[in-house]
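> what's the 3D shape of this:
(chains A and B)
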Amino acid sequence: MKEIKIFHNALKDVSALASKIKENQKKIIGYLCSYAPEELIYAAGFHPMRLFSSKSDIILAENHLQTYCCSLVRGILEDSLSGRLDFLDGTVFPHTCDSIQRLSDIWRMQGRYEFFADVILPAKLNTQSARTYMVDVLTRFKKDLEAAINREITDADLQKSIKKFNLIRSNLSKIYALQSKKPGIIKGADLYAIVKGSMIMDKDEVANLLPVIVNNLEKTDAPETKGKRIVLTGSICDSPDIYSVIETAGGIIVGDDLCTGQRWFEGLTLEDDAPLVAIAERYMGRMICPAKHSSPTARGENIVSLARKNKAAGVVFLLLKFCDPHAFDYPYLKEFLEKEGIKTLLIEIDDQQQNLGQLSTRFETFIHYI
Amino acid sequence: MSDKSSDPKKINCAKKMRDIMTTYYLDAMTAEQNNKQVAWITSGGPVEPLVAMDIIPIYPENHGAMIGASKMGEDLCIKAENMGYSSDLCSYARTDISIGGLPKPDMLICCNNICGTVLKWYEVQARYYNVPLFILDTPICHTRYSPEVAKYVRAQIDEYIIFLEKITKRKFDYDKMAQVGKLAYESQVLWQKVLNTTAHKPSPMSAFDAFFFLALIVTLRGTQIAVGFYKDLLAEMRQRIKDGISMVPNEKHRLLWDNLPIWYRLKWLSNKFSDHNACLVADTYTSAWCGAIKYTDKNNFLDSIAEAYTRIYLNIGVDQMANQVLDMIKFYDVNGFVMHSNRSCKPYSFGQMDIMRIVREKTDIPVLMIEADMVDPRNFSHSQVETRIDAFMEIIKQRSR
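Modelled structure (predicted):
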């Protein structure tokens, strides 16, 4: 499908993609957490772009972060220090985990880009005071953006932006739903490219392309396949190879609880509400990141329901090494799933390097076993 | 701290503190028989409302430190790993999750001002013990304490009280709270004064002693016992200064320590530095329990603790942490800075390299970074650390010539 190809091409060279975006006089604001308020950034006339590590060797970041910091955080700092992110006009750090919290400090002290904001969202999402605080923080961020652009961000700007992101999100949800209904209709590597592309490409372009893809997939018949249905869970998966390896081993990815997947795009923002309240509401109710809290068993219940809904034969944990919030949840999530008779596999990943041969053997064994 | 005959005069209050801690643990162990409720609370959490409600606070982190000091850390960490917890996770959390052994909690109080780890750790315990969990969410103050954070945390102090009233089925006693608040404030002022005595040359105690005497300000803050104890300790320190008694017999070099102690190597490290005539006179860790006292209003305790608990050392930006380090370097007049890069504590350790750079830029003192872990000895390379300390001390000696 030529529309999917556009996504693949966009991923090949992020700087080239960035230059193209800047040609249209758009400034780029980077972020590295799915709680970054993209609607606000976009409404301010900026291009919100999720940052991924280029997976280059860590040289300069060695002077700032120890080796027991996760490869994503070290990798992105390396990209920044070495100038690979010089296309950025600014960055936004929503409070995520202990490592990103300190990355924010190091980043701010470097002062490489014009705009910088910490958006310190609440860590707990189950109380009225947290909800009020969330709106207060978003209001503060809106003011910071307004100061940067020297004009007001109106409710109409925000509503337009929310509509755009809802369109993107709902179409991504549709693609996932189609894949779950007609497994194998889309290749894992394509799914990866579409989701990642949606996080970094021009939003108007993404909003135009996704409905075409949905339309095409709706008309496509389900392929004959005996692949085992797999749900992924974890922090990020920034490797199309992992998707391919799972498929070669006989699995089909039918859903995920990933920061670079459904956790990012599931759930729509109410369009007729006060915009900032609506954005806050979505964060309060969205599929939760383990660095946040709603109840001690929220993620366990969610992964079981996600696996059941997608009739998963197995769940694969893709855990980034040194990612504490996910590592703490792993034992209980595994227990919850196994109580339901759903088999699990744990893969510890390093964003900088993958041993695909070994991975392939482990997936084959797992898929054979489920 | 060592067995050699040239040893300094021991601190008399040590025995007193051991006795107080024993009584405290016995009370906690028999809480149920005495119809008292037990709350587990994080080390940076506001304990004062618990004290006012006559609820016994238990600190799993304190327990973690004891496990580390008694060298049981490795076995317990391995046990947690066999339960599925990654070896990269905080060793306090790993040992606590695997050992049990503390009096069963009736409730869990988690304040995330020290890290995000405690949030996950307390979720584990909330599932295991199936008891209510209260989270005091203190957003990090990278650059400032904003009005929206102030409002949010203050609202949660009220929620905390409502939570306690619900669990204890008793009304919160605001008069008692005011008294407890005054005692908590007083004990923190005293603790700061005790720590300040080490600015004297030679220092009457070392950071290794502070690591030990810290236990009371953490666990019994808000009680008359803590106030009484720290008055005695302060008096003893002042007497030692008067009598010219120093902790390191021939103190020539004064050092500042950063991060948590390496609990299973305390004695060795203490001797090691002492052999070089160096005294670790201060540290960034033990002062965390009095560092935010400037935000506390003893006459308006509940209103002020929102800010005091939010703006503690670990919950601020790295540049602000560096400023505090620079202040300590000046106040204690140290000529070396030792940083423990602690695999177990990411918010304390990430940013250390920037602090190191800032210290090097703004002072002329040498900085040493030791890679280790506070409880898990598998991350400690004895010979490597020894070589690095020796080399570091050589530089300090050369500079002081």
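> Could you check stretch A:247-257 and say which residues are buried?
By neighbour count, with 16 or more other Cβ atoms under 10 Å in any protein chain shown as the criterion, the buried positions of stretch A:247-257 are A:E247, A:A249, A:G250, A:G251, A:I252, A:I253, A:V254, A:G255, A:D256, A:D257. Every C-beta, even on glycine, is put in place using the N, C-alpha and C of the backbone.
> So of those, which two are at opposite extremes in space?
A:G250 and A:D257 (21.7 Å; Cβ to Cβ).
> picking up where we left off before, can you add pLDDT, distance to A:R362 and secondary structure and give the buried residues of stretch A:247-257 back as a markdown table?
Written out in a markdown table, the entries for the buried residues of stretch A:247-257 read as follows (pLDDT from 0 to 100; distance: Cβ to Cβ, whole Å; DSSP: H, G, I helix; E, B strand; the rest coil):
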| residue | pLDDT | distance to A:R362 | secondary structure |
| --- | --- | --- | --- |
| A:E247 | 94 | 14 | helix |
| A:A249 | 95 | 9 | coil |
| A:G250 | 95 | 13 | coil |
| A:G251 | 96 | 12 | strand |
| A:I252 | 96 | 17 | strand |
| A:I253 | 96 | 16 | strand |
| A:V254 | 96 | 20 | strand |
| A:G255 | 97 | 20 | strand |
| A:D256 | 97 | 18 | strand |
| A:D257 | 97 | 20 | strand |
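> now, among those, which is nearest to chain B?
Comparing the buried residues of stretch A:247-257 against chain B with Cβ to the nearest Cβ picks out A:D257 as the nearest, at 16.3 Å.
> mind giving me JSON lines with the buried residues of stretch A:247-257 and columns for distance to chain B?
As requested, those are arranged in JSON lines below (distance: Cβ to the nearest Cβ, whole Å):
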{"residue": "A:E247", "distance to chain B": "27"}
{"residue": "A:A249", "distance to chain B": "24"}
{"residue": "A:G250", "distance to chain B": "26"}
{"residue": "A:G251", "distance to chain B": "23"}
{"residue": "A:I252", "distance to chain B": "27"}
{"residue": "A:I253", "distance to chain B": "24"}
{"residue": "A:V254", "distance to chain B": "25"}
{"residue": "A:G255", "distance to chain B": "23"}
{"residue": "A:D256", "distance to chain B": "21"}
{"residue": "A:D257", "distance to chain B": "16"}
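> now the strands for the chain?
Chain wasn't specified; assuming chain A. When assigned using DSSP state E, the strands of chain A occupy the ranges A:27-31, A:46-50, A:90-94, A:115-119, A:228-234, A:251-257, A:314-320, A:343-349.
> wrong one, I was asking about chain B
Defined through DSSP E, the strands belonging to chain B, from first to last, are B:38-41, B:56-58, B:107-111, B:133-136, B:253-258, B:278-283, B:336-342, B:367-372.
> Looking at the ones you listed, which is nearest to A:K182?
Between A:K182 and the strands of chain B, the shortest separation by Cβ to Cβ is 42.2 Å, and it involves strand B:133-136.
> can you redo the strands of chain A as JSON lines with distance to A:K163?
Formatted as JSON lines, the entries for the strands of chain A read as follows, by distance: least, Cβ to Cβ, whole Å:
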{"stretch": "strand A:27-31", "distance to A:K163": "20"}
{"stretch": "strand A:46-50", "distance to A:K163": "15"}
{"stretch": "strand A:90-94", "distance to A:K163": "21"}
{"stretch": "strand A:115-119", "distance to A:K163": "22"}
{"stretch": "strand A:228-234", "distance to A:K163": "29"}
{"stretch": "strand A:251-257", "distance to A:K163": "25"}
{"stretch": "strand A:314-320", "distance to A:K163": "32"}
{"stretch": "strand A:343-349", "distance to A:K163": "35"}
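> what about these, which gets the closest to A:L276?
The stretch from the strands of chain A with the least distance to A:L276 (Cβ to Cβ) is strand A:115-119; that distance is 12.1 Å.
> Now find how far off-centre that closest one is within its chain.
The chain centroid and the centroid of strand A:115-119 are separated by 19 Å, computed with Cα atoms, centre = their mean, to the nearest Å.
> go on, stretch A:273-292?
The offset between the C-alpha centroid of stretch A:273-292 and the centroid of the whole chain comes to 15 Å, using Cα atoms, centre = their mean.
> what does stretch B:318-333 give?
Mean-position distance between stretch B:318-333 and its chain equals 17 Å (Cα atoms, centre = their mean).
> Tell me if it is near chain A.
Yes - on the criterion Cβ under 8 Å from any Cβ of the partner chain, stretch B:318-333 is in touch with chain A at B:V318, B:D319.
> List the contacts of A:K343.
A:A313, A:G314, A:V315, A:L337, A:F366, A:Y369, A:I370 (Cβ atoms under 8 Å, 6 or more residues apart in numbering or on different chains).
> in the sheet, who's paired with the second one?
Right, A:G314. A:G314 has the following beta-bridge partners by DSSP bridges: A:I230, A:K343.
> what about it, distance to B:K272?
Remark: distance between A:G314 and B:K272 (Cβ to Cβ, to the nearest Å) = 52 Å.
> Show me which of the two is the more surrounded one.
Regarding A:G314 and B:K272, a neighbour count based on other Cβ atoms under 10 Å in any protein chain shown identifies A:G314 as having more, with 20 against 17.
> can you pull the pLDDT of the more buried one?
Reported pLDDT at A:G314 in the predicted model: 97.
> In this structure B:F331 contacts B:T198, no?
No - the pair formed by B:F331 and B:T198 falls short of the contact definition of Cβ atoms under 8 Å, at 9.7 Å.
> Between these two, which has more neighbouring residues?
Regarding B:F331 and B:T198, a neighbour count based on other Cβ under 10 Å identifies B:T198 as having more, with 28 against 15.
> Name the nearest residue to the more buried one, sequence neighbours excluded.
B:V281 (4.3 Å; Cβ to Cβ, 6 or more residues apart in numbering or on different chains).
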